[in-house]
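**Q** A predicted structure for the sequence below; I have some questions about it.
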Amino acid sequence: MQEKTLFRNKDVLSPHFVPEALLHRDAEVRTVMRCIAPAFQDQKAKNLFIYGRPGTGKTACVKGVLAKMDERGDARVRSAYMNCRVYDSRYKVLQKCVGEFKPGFARTGYSFAVLYEEFLDWIEGDSPETAKRLVVALDEIDMIRDLDPLVYTLTRINDDLVRGSVSLVGISNSVNFKNRLDSRSRSSICEEELVFASYNANQLRDILSARIKEGFQEGAVTAGAVNLAAAVAASENGDARYALSLLLRAGELAQKRGKTEVTDALVEESRRLADEDTAFDVIGVLPQHQQYLLYALACLAQDGHYKRLVTSDDGERLYFSGEVYERYCRVVKQSGKQPRTARWYREYLGELESAGLVSTVTSGKGVRGHTTLIRLGYDADKVRKVIEKTLLA
DNA sequence: CCTCCACAGGAAGCGCAGGAGT
DNA sequence: ACTCCTGCGCTTCCTGTGGAGG
(Lines give C-alpha, C1' and ligand atoms only; values in the text may rest on other atoms or scores of the structure.)
Protein backbone atom coordinates (compact mmCIF):
# COMPACT_ATOMS: atom_id res chain seq x y z
CA MET A 1 0.00 0.00 0.00
CA GLN A 2 1.31 3.40 -0.95
CA GLU A 3 1.74 5.52 2.16
CA LYS A 4 0.75 8.96 1.05
CA THR A 5 1.52 11.55 3.66
CA LEU A 6 0.31 15.11 3.99
CA PHE A 7 3.25 15.97 6.14
CA ARG A 8 6.70 16.95 5.06
CA ASN A 9 8.17 17.32 8.55
CA LYS A 10 5.95 16.88 11.57
CA ASP A 11 8.58 18.11 14.02
CA VAL A 12 8.14 21.65 12.71
CA LEU A 13 4.57 21.57 13.99
CA SER A 14 5.51 20.36 17.43
CA PRO A 15 5.17 22.85 20.28
CA HIS A 16 8.82 22.36 21.19
CA PHE A 17 10.18 23.31 17.80
CA VAL A 18 12.31 26.46 17.72
CA PRO A 19 12.08 28.09 14.29
CA GLU A 20 15.00 29.79 12.55
CA ALA A 21 13.26 33.11 12.35
CA LEU A 22 10.68 34.21 14.87
CA LEU A 23 7.95 36.15 13.12
CA HIS A 24 6.58 39.35 14.67
CA ARG A 25 9.10 39.19 17.48
CA ASP A 26 11.94 41.27 16.05
CA ALA A 27 11.79 43.91 18.75
CA GLU A 28 11.68 41.30 21.50
CA VAL A 29 14.63 39.39 20.05
CA ARG A 30 16.62 42.61 19.85
CA THR A 31 15.85 43.44 23.47
CA VAL A 32 17.01 40.05 24.66
CA MET A 33 20.18 40.41 22.60
CA ARG A 34 20.80 43.87 23.96
CA CYS A 35 20.65 42.49 27.48
CA ILE A 36 23.08 39.71 26.69
CA ALA A 37 25.46 41.73 24.52
CA PRO A 38 27.62 43.09 27.36
CA ALA A 39 28.84 39.54 27.96
CA PHE A 40 30.76 39.71 24.71
CA GLN A 41 32.51 42.87 25.88
CA ASP A 42 33.61 40.97 28.95
CA GLN A 43 30.97 42.62 31.09
CA LYS A 44 28.09 41.23 33.08
CA ALA A 45 24.98 40.64 30.98
CA LYS A 46 21.86 42.32 32.30
CA ASN A 47 19.30 40.42 34.29
CA LEU A 48 16.09 40.20 32.35
CA PHE A 49 12.57 39.29 33.31
CA ILE A 50 10.16 38.24 30.58
CA TYR A 51 6.48 37.65 30.84
CA GLY A 52 3.53 37.02 28.54
CA ARG A 53 0.73 34.54 28.07
CA PRO A 54 1.40 30.97 27.01
CA GLY A 55 2.22 30.50 23.34
CA THR A 56 3.50 34.02 22.72
CA GLY A 57 7.00 32.93 21.79
CA LYS A 58 8.87 33.67 25.02
CA THR A 59 10.65 30.37 25.19
CA ALA A 60 11.40 30.20 21.47
CA CYS A 61 12.78 33.73 21.55
CA VAL A 62 15.13 33.08 24.46
CA LYS A 63 16.22 29.70 23.16
CA GLY A 64 16.88 31.22 19.75
CA VAL A 65 19.02 34.01 21.15
CA LEU A 66 20.94 31.62 23.38
CA ALA A 67 21.60 29.35 20.41
CA LYS A 68 22.95 32.27 18.37
CA MET A 69 25.09 33.20 21.32
CA ASP A 70 26.55 29.71 21.52
CA GLU A 71 27.18 29.72 17.78
CA ARG A 72 29.65 32.54 18.15
CA GLY A 73 31.84 30.02 19.89
CA ASP A 74 33.22 32.34 22.52
CA ALA A 75 34.32 29.95 25.24
CA ARG A 76 33.98 32.64 27.86
CA VAL A 77 30.33 33.39 27.12
CA ARG A 78 28.13 30.50 28.14
CA SER A 79 24.46 29.84 28.63
CA ALA A 80 22.30 27.40 30.54
CA TYR A 81 18.61 26.99 29.83
CA MET A 82 16.30 25.02 32.07
CA ASN A 83 12.62 24.58 32.68
CA CYS A 84 11.73 25.14 36.29
CA ARG A 85 8.95 22.61 36.26
CA VAL A 86 11.82 20.13 36.31
CA TYR A 87 14.44 22.17 38.14
CA ASP A 88 12.16 23.56 40.79
CA SER A 89 14.49 24.48 43.65
CA ARG A 90 17.65 26.45 44.29
CA TYR A 91 19.59 23.25 44.75
CA LYS A 92 18.40 21.65 41.52
CA VAL A 93 19.10 24.78 39.50
CA LEU A 94 22.60 25.08 40.83
CA GLN A 95 23.24 21.40 40.36
CA LYS A 96 22.03 21.59 36.79
CA CYS A 97 24.37 24.53 36.11
CA VAL A 98 27.39 22.83 37.60
CA GLY A 99 26.57 19.47 36.04
CA GLU A 100 26.22 21.08 32.63
CA PHE A 101 29.78 22.33 32.56
CA LYS A 102 31.47 19.90 34.92
CA PRO A 103 30.05 16.51 33.97
CA GLY A 104 31.56 14.90 37.07
CA PHE A 105 29.07 16.81 39.17
CA ALA A 106 25.97 15.70 37.34
CA ARG A 107 25.08 13.30 40.15
CA THR A 108 23.16 14.35 43.19
CA GLY A 109 24.59 13.98 46.66
CA TYR A 110 26.83 17.02 47.00
CA SER A 111 25.98 19.53 49.65
CA PHE A 112 24.83 22.93 48.56
CA ALA A 113 28.06 24.53 49.81
CA VAL A 114 30.21 22.15 47.74
CA LEU A 115 28.19 22.83 44.61
CA TYR A 116 28.39 26.54 45.20
CA GLU A 117 32.18 26.41 45.53
CA GLU A 118 32.47 24.32 42.37
CA PHE A 119 30.27 26.77 40.56
CA LEU A 120 32.42 29.71 41.67
CA ASP A 121 35.60 27.91 40.62
CA TRP A 122 34.28 27.07 37.21
CA ILE A 123 33.12 30.60 36.50
CA GLU A 124 36.32 32.24 37.69
CA GLY A 125 38.49 29.79 35.75
CA ASP A 126 42.27 29.92 36.20
CA SER A 127 42.89 33.30 34.65
CA PRO A 128 41.00 36.29 33.27
CA GLU A 129 41.10 34.59 29.87
CA THR A 130 39.11 31.62 31.15
CA ALA A 131 36.62 33.46 33.37
CA LYS A 132 33.04 32.92 32.17
CA ARG A 133 30.16 35.20 31.51
CA LEU A 134 27.23 32.91 32.24
CA VAL A 135 23.60 33.55 31.36
CA VAL A 136 21.11 31.32 33.16
CA ALA A 137 17.64 31.18 31.60
CA LEU A 138 14.92 29.98 33.97
CA ASP A 139 11.74 29.14 32.09
CA GLU A 140 8.50 29.03 34.08
CA ILE A 141 10.42 30.58 36.93
CA ASP A 142 7.26 30.81 39.03
CA MET A 143 7.45 27.05 39.58
CA ILE A 144 10.50 27.39 41.81
CA ARG A 145 9.69 26.69 45.44
CA ASP A 146 12.37 28.77 47.10
CA LEU A 147 12.69 31.57 44.62
CA ASP A 148 13.84 34.33 46.94
CA PRO A 149 16.88 32.37 48.13
CA LEU A 150 17.66 31.32 44.54
CA VAL A 151 17.56 34.85 43.18
CA TYR A 152 19.56 36.00 46.14
CA THR A 153 22.22 33.33 45.57
CA LEU A 154 22.53 33.89 41.86
CA THR A 155 22.78 37.68 42.10
CA ARG A 156 24.88 37.71 45.21
CA ILE A 157 27.32 35.30 43.61
CA ASN A 158 28.63 38.22 41.56
CA ASP A 159 29.94 39.76 44.78
CA ASP A 160 31.85 36.59 45.63
CA LEU A 161 33.37 36.30 42.17
CA VAL A 162 36.82 37.76 41.53
CA ARG A 163 36.16 37.62 37.79
CA GLY A 164 33.38 36.45 35.49
CA SER A 165 29.68 36.89 36.18
CA VAL A 166 26.28 35.22 36.35
CA SER A 167 23.15 36.78 34.87
CA LEU A 168 19.56 35.69 34.98
CA VAL A 169 16.81 35.53 32.40
CA GLY A 170 13.51 34.72 34.09
CA ILE A 171 10.49 33.68 32.05
CA SER A 172 6.97 33.54 33.43
CA ASN A 173 3.40 33.26 32.21
CA SER A 174 1.96 35.35 34.95
CA VAL A 175 2.38 39.09 35.17
CA ASN A 176 1.69 39.42 38.86
CA PHE A 177 4.11 36.67 39.75
CA LYS A 178 6.80 39.18 40.65
CA ASN A 179 4.55 40.57 43.37
CA ARG A 180 5.16 37.35 45.26
CA LEU A 181 8.87 38.14 45.43
CA ASP A 182 10.41 40.19 48.17
CA SER A 183 11.43 43.62 47.01
CA ARG A 184 15.16 42.94 46.90
CA SER A 185 14.91 39.88 44.66
CA ARG A 186 12.37 41.68 42.55
CA SER A 187 14.59 44.64 41.83
CA SER A 188 17.55 42.44 40.99
CA ILE A 189 15.69 40.08 38.70
CA CYS A 190 13.73 42.87 37.04
CA GLU A 191 16.75 44.91 36.07
CA GLU A 192 15.21 44.81 32.60
CA GLU A 193 11.67 43.79 31.79
CA LEU A 194 10.09 42.58 28.62
CA VAL A 195 6.45 41.84 27.92
CA PHE A 196 5.36 39.53 25.12
CA ALA A 197 1.97 40.67 23.88
CA SER A 198 -0.48 38.05 22.61
CA TYR A 199 -0.51 37.48 18.88
CA ASN A 200 -3.46 38.77 16.89
CA ALA A 201 -5.16 36.79 14.14
CA ASN A 202 -3.02 38.25 11.34
CA GLN A 203 0.22 37.52 13.11
CA LEU A 204 -0.93 34.02 13.90
CA ARG A 205 -1.76 33.48 10.25
CA ASP A 206 1.76 34.49 9.23
CA ILE A 207 3.27 32.18 11.81
CA LEU A 208 1.06 29.29 10.78
CA SER A 209 1.79 29.83 7.09
CA ALA A 210 5.52 29.73 7.72
CA ARG A 211 5.29 26.49 9.67
CA ILE A 212 2.93 24.93 7.17
CA LYS A 213 5.43 25.62 4.39
CA GLU A 214 7.96 23.47 6.18
CA GLY A 215 5.69 21.04 7.95
CA PHE A 216 3.13 20.12 5.32
CA GLN A 217 3.32 19.15 1.67
CA GLU A 218 2.62 21.96 -0.72
CA GLY A 219 -1.07 22.73 -1.05
CA ALA A 220 -2.04 20.33 1.70
CA VAL A 221 -3.63 23.01 3.85
CA THR A 222 -6.36 25.29 2.51
CA ALA A 223 -6.35 29.01 3.16
CA GLY A 224 -9.65 28.66 4.95
CA ALA A 225 -8.13 26.18 7.38
CA VAL A 226 -5.27 28.54 8.21
CA ASN A 227 -7.60 31.48 8.70
CA LEU A 228 -9.88 29.52 10.97
CA ALA A 229 -7.07 28.15 13.12
CA ALA A 230 -5.62 31.67 13.44
CA ALA A 231 -8.99 33.20 14.29
CA VAL A 232 -9.85 30.55 16.87
CA ALA A 233 -6.47 30.82 18.58
CA ALA A 234 -6.57 34.62 18.51
CA SER A 235 -9.87 34.62 20.33
CA GLU A 236 -8.41 32.20 22.88
CA ASN A 237 -5.58 34.34 24.22
CA GLY A 238 -3.53 34.48 21.01
CA ASP A 239 -1.75 31.24 21.73
CA ALA A 240 0.37 30.18 18.75
CA ARG A 241 0.97 26.75 20.23
CA TYR A 242 -2.74 26.11 20.35
CA ALA A 243 -3.14 27.26 16.75
CA LEU A 244 -0.41 24.87 15.67
CA SER A 245 -1.84 21.99 17.62
CA LEU A 246 -5.16 22.54 15.86
CA LEU A 247 -3.52 22.27 12.47
CA LEU A 248 -1.45 19.27 13.47
CA ARG A 249 -4.52 17.52 14.74
CA ALA A 250 -6.52 18.43 11.66
CA GLY A 251 -3.68 17.10 9.52
CA GLU A 252 -3.69 13.81 11.38
CA LEU A 253 -7.45 13.54 10.96
CA ALA A 254 -7.15 14.18 7.22
CA GLN A 255 -4.39 11.63 6.92
CA LYS A 256 -6.36 8.98 8.79
CA ARG A 257 -9.30 9.46 6.50
CA GLY A 258 -7.22 9.41 3.35
CA LYS A 259 -8.02 13.02 2.50
CA THR A 260 -5.61 15.05 0.43
CA GLU A 261 -6.38 18.41 2.02
CA VAL A 262 -6.69 19.93 5.45
CA THR A 263 -9.88 21.96 5.31
CA ASP A 264 -11.50 24.40 7.69
CA ALA A 265 -14.10 21.77 8.51
CA LEU A 266 -11.32 19.54 9.82
CA VAL A 267 -9.86 22.40 11.84
CA GLU A 268 -13.29 22.97 13.32
CA GLU A 269 -13.52 19.31 14.17
CA SER A 270 -10.12 19.20 15.82
CA ARG A 271 -11.06 22.26 17.84
CA ARG A 272 -14.05 20.30 19.11
CA LEU A 273 -11.88 17.30 19.86
CA ALA A 274 -9.34 19.43 21.72
CA ASP A 275 -12.21 20.94 23.64
CA GLU A 276 -13.51 17.52 24.50
CA ASP A 277 -10.10 16.35 25.67
CA THR A 278 -9.78 19.16 28.16
CA ALA A 279 -13.39 18.67 29.26
CA PHE A 280 -12.80 15.00 29.94
CA ASP A 281 -9.67 15.85 31.89
CA VAL A 282 -11.81 18.13 34.01
CA ILE A 283 -14.39 15.38 34.61
CA GLY A 284 -11.70 13.09 35.97
CA VAL A 285 -10.82 15.46 38.81
CA LEU A 286 -14.36 16.48 39.71
CA PRO A 287 -15.63 15.80 43.26
CA GLN A 288 -17.32 12.42 43.51
CA HIS A 289 -20.89 13.63 43.75
CA GLN A 290 -20.52 15.97 40.83
CA GLN A 291 -19.38 12.97 38.85
CA TYR A 292 -22.42 11.02 40.02
CA LEU A 293 -24.63 13.88 38.98
CA LEU A 294 -23.04 14.13 35.56
CA TYR A 295 -23.25 10.37 35.24
CA ALA A 296 -26.96 10.40 36.09
CA LEU A 297 -27.53 13.05 33.45
CA ALA A 298 -25.59 11.07 30.86
CA CYS A 299 -27.57 7.92 31.67
CA LEU A 300 -30.81 9.79 31.40
CA ALA A 301 -29.78 11.19 28.06
CA GLN A 302 -28.75 7.80 26.82
CA ASP A 303 -31.56 5.50 27.90
CA GLY A 304 -34.28 8.12 27.55
CA HIS A 305 -36.06 7.11 30.76
CA TYR A 306 -37.45 10.54 31.44
CA LYS A 307 -41.05 11.52 31.90
CA ARG A 308 -40.81 15.06 30.59
CA LEU A 309 -38.63 16.66 27.97
CA VAL A 310 -38.19 20.01 26.28
CA THR A 311 -36.31 20.68 23.10
CA SER A 312 -34.25 23.83 22.76
CA ASP A 313 -34.26 26.12 19.74
CA ASP A 314 -31.23 24.38 18.27
CA GLY A 315 -32.79 20.96 18.68
CA GLU A 316 -30.93 19.88 21.83
CA ARG A 317 -32.71 17.90 24.50
CA LEU A 318 -33.23 19.62 27.84
CA TYR A 319 -33.89 17.58 30.97
CA PHE A 320 -35.83 18.65 34.05
CA SER A 321 -33.85 19.45 37.14
CA GLY A 322 -36.21 17.44 39.35
CA GLU A 323 -35.90 14.31 37.27
CA VAL A 324 -32.15 14.60 37.06
CA TYR A 325 -32.06 14.81 40.84
CA GLU A 326 -34.21 11.71 41.18
CA ARG A 327 -31.93 9.86 38.83
CA TYR A 328 -28.89 11.10 40.70
CA CYS A 329 -30.30 9.74 43.96
CA ARG A 330 -30.91 6.36 42.33
CA VAL A 331 -27.42 6.19 40.89
CA VAL A 332 -25.82 7.07 44.21
CA LYS A 333 -27.92 4.58 46.16
CA GLN A 334 -27.09 1.85 43.67
CA SER A 335 -23.44 2.24 44.51
CA GLY A 336 -24.30 1.97 48.19
CA LYS A 337 -23.88 5.60 49.13
CA GLN A 338 -26.02 8.35 50.58
CA PRO A 339 -27.17 11.02 48.12
CA ARG A 340 -26.74 14.70 48.96
CA THR A 341 -29.78 16.88 49.54
CA ALA A 342 -31.52 18.73 46.75
CA ARG A 343 -30.11 22.01 48.00
CA TRP A 344 -26.58 20.79 47.56
CA TYR A 345 -27.47 19.20 44.28
CA ARG A 346 -28.26 22.68 42.98
CA GLU A 347 -24.83 23.88 44.03
CA TYR A 348 -23.24 20.96 42.21
CA LEU A 349 -25.23 21.75 39.14
CA GLY A 350 -23.99 25.32 39.27
CA GLU A 351 -20.39 24.11 39.44
CA LEU A 352 -20.83 21.75 36.53
CA GLU A 353 -22.21 24.63 34.55
CA SER A 354 -19.34 26.95 35.35
CA ALA A 355 -17.00 24.13 34.35
CA GLY A 356 -18.75 24.17 31.00
CA LEU A 357 -19.87 20.54 31.21
CA VAL A 358 -23.58 21.28 31.23
CA SER A 359 -25.63 24.32 30.38
CA THR A 360 -28.90 25.33 31.97
CA VAL A 361 -31.83 27.60 31.29
CA THR A 362 -34.71 28.46 33.57
CA SER A 363 -38.01 27.15 32.34
CA GLY A 364 -40.23 29.77 30.79
CA LYS A 365 -43.59 29.43 29.14
CA GLY A 366 -44.95 25.98 28.52
CA VAL A 367 -43.73 24.47 31.76
CA ARG A 368 -45.71 24.36 34.93
CA GLY A 369 -43.86 25.74 37.92
CA HIS A 370 -40.40 27.20 37.94
CA THR A 371 -37.55 24.84 37.24
CA THR A 372 -34.18 24.52 35.54
CA LEU A 373 -33.71 22.74 32.25
CA ILE A 374 -30.38 21.04 31.83
CA ARG A 375 -28.44 20.19 28.73
CA LEU A 376 -25.42 17.92 28.64
CA GLY A 377 -22.53 19.66 26.94
CA TYR A 378 -20.84 16.60 25.48
CA ASP A 379 -21.68 13.23 24.02
CA ALA A 380 -23.54 11.19 26.66
CA ASP A 381 -21.86 7.91 25.78
CA LYS A 382 -18.34 9.34 26.04
CA VAL A 383 -19.14 11.14 29.27
CA ARG A 384 -20.49 7.94 30.78
CA LYS A 385 -17.43 5.94 29.82
CA VAL A 386 -15.03 8.53 31.22
CA ILE A 387 -16.87 8.63 34.54
CA GLU A 388 -17.15 4.87 34.74
CA LYS A 389 -13.38 4.74 34.43
CA THR A 390 -12.67 7.26 37.18
CA LEU A 391 -15.56 6.53 39.52
CA LEU A 392 -14.93 2.82 39.62
CA ALA A 393 -11.20 3.22 40.08
C1' DC B 1 -58.03 36.39 40.77
C1' DC B 2 -56.27 33.01 43.77
C1' DT B 3 -53.94 28.75 44.45
C1' DC B 4 -50.72 25.30 43.39
C1' DC B 5 -46.60 23.63 41.45
C1' DA B 6 -41.73 22.90 41.23
C1' DC B 7 -38.46 24.53 42.17
C1' DA B 8 -34.38 28.73 43.28
C1' DG B 9 -31.39 30.29 46.37
C1' DG B 10 -30.47 32.85 51.00
C1' DA B 11 -29.65 32.10 56.10
C1' DA B 12 -28.51 29.52 59.94
C1' DG B 13 -26.43 25.97 62.03
C1' DC B 14 -23.86 21.49 62.55
C1' DG B 15 -19.85 18.28 62.57
C1' DC B 16 -15.39 17.76 61.32
C1' DA B 17 -10.38 18.62 60.02
C1' DG B 18 -6.47 21.16 60.36
C1' DG B 19 -3.78 25.09 61.90
C1' DA B 20 -2.66 28.60 65.55
C1' DG B 21 -1.98 29.72 70.12
C1' DT B 22 -0.52 28.34 74.80
C1' DA C 1 -0.11 17.85 74.40
C1' DC C 2 -3.86 20.55 74.93
C1' DT C 3 -7.49 23.76 73.71
C1' DC C 4 -9.39 27.13 70.65
C1' DC C 5 -10.57 28.87 66.35
C1' DT C 6 -11.62 28.87 61.65
C1' DG C 7 -12.99 27.22 57.21
C1' DC C 8 -15.40 23.85 54.69
C1' DG C 9 -18.92 20.74 53.17
C1' DC C 10 -23.21 19.83 54.15
C1' DT C 11 -28.28 19.73 55.95
C1' DT C 12 -32.41 22.01 57.42
C1' DC C 13 -35.49 25.56 57.03
C1' DC C 14 -37.48 29.16 54.78
C1' DT C 15 -38.99 32.79 51.62
C1' DG C 16 -39.32 34.05 46.72
C1' DT C 17 -40.67 33.43 41.83
C1' DG C 18 -43.12 32.81 37.49
C1' DG C 19 -46.22 30.33 35.02
C1' DA C 20 -50.30 26.77 34.91
C1' DG C 21 -54.79 25.62 36.25
C1' DG C 22 -59.24 26.23 38.15
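**A** Cool, got the structure.
**Q** for chain A, longest helix please?
**A** helix A:264-284 (DSSP state H).
**Q** so how far is that one off the chain centroid?
**A** Put simply, helix A:264-284 sits 15 Å off its chain's centre (Cα atoms, centre = their mean, to the nearest Å).
**Q** could you give the mean pLDDT of whichever helix or strand comes after that helix?
**A** Once the chain leaves helix A:264-284, the next helix or strand it forms, by DSSP states H and E, is helix A:288-303. Averaged over helix A:288-303, pLDDT sits at 92.
**Q** for chain A, what helix or strand is lowest in average pLDDT?
**A** Ranked by mean pLDDT, DSSP states H and E, the helix or strand of chain A with the weakest confidence is helix A:183-189, at a mean of 80.
**Q** what is that one packed up against?
**A** On a contact count with 3 or more Cβ pairs under 8 Å, 6 or more residues apart in numbering; DSSP states H and E, helix A:183-189 meets helix A:147-160. From N, CA and C alone the C-beta is placed, and that goes for glycine too.
**Q** for the helix it packs on, which positions count as buried?
**A** A:147, A:150-155, A:157 (16 or more other Cβ atoms under 10 Å).
**Q** can you narrow the residues you listed to ones near DNA strand C?
**A** Near DNA strand C, judged by Cβ under 7 Å from any atom of the strand, there are no entries from those.
**Q** so which of those residues comes closest to DNA strand C?
**A** DNA strand C has its nearest neighbour among the buried residues of helix A:147-160 in A:Leu147, at 24.9 Å by Cβ to the nearest atom of the strand.
**Q** could you dump the buried residues of helix A:147-160 to a markdown table with pLDDT?
**A** Output for the buried residues of helix A:147-160, formatted as a markdown table (pLDDT from 0 to 100):
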| residue | pLDDT |
| --- | --- |
| A:Leu147 | 80 |
| A:Leu150 | 87 |
| A:Val151 | 86 |
| A:Tyr152 | 85 |
| A:Thr153 | 86 |
| A:Leu154 | 88 |
| A:Thr155 | 86 |
| A:Ile157 | 88 |
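**Q** what's the nearest residue to A:Glu118 if we skip its chain neighbours?
**A** Leaving out its chain neighbours, the residue that sits closest to A:Glu118 by Cβ to Cβ, 6 or more residues apart in numbering is A:Val98, at 5.2 Å.
**Q** and for A:Phe177?
**A** Spatially, and ignoring its direct neighbours in sequence, A:Phe177 is nearest to A:Asp142 (4.5 Å; Cβ to Cβ, 6+ apart).
**Q** go on, A:Leu352?
**A** For A:Leu352, the closest residue by Cβ to Cβ, 6+ apart turns out to be A:Val358, at 4.8 Å.
**Q** any regions of the stretch 101-250 of chain A where pLDDT drops low?
**A** Applying pLDDT under 70 to the stretch 101-250 of chain A picks out residues A:105-109, A:180.
**Q** can you give me the strands in it?
**A** A:133-139, A:165-172, A:192-196 (DSSP state E, counting those that start in this stretch).
**Q** among the ones you listed, which comes closest to DNA strand B?
**A** For DNA strand B, the closest of these is strand A:165-172, at 26.9 Å, according to Cβ to the nearest atom of the strand.
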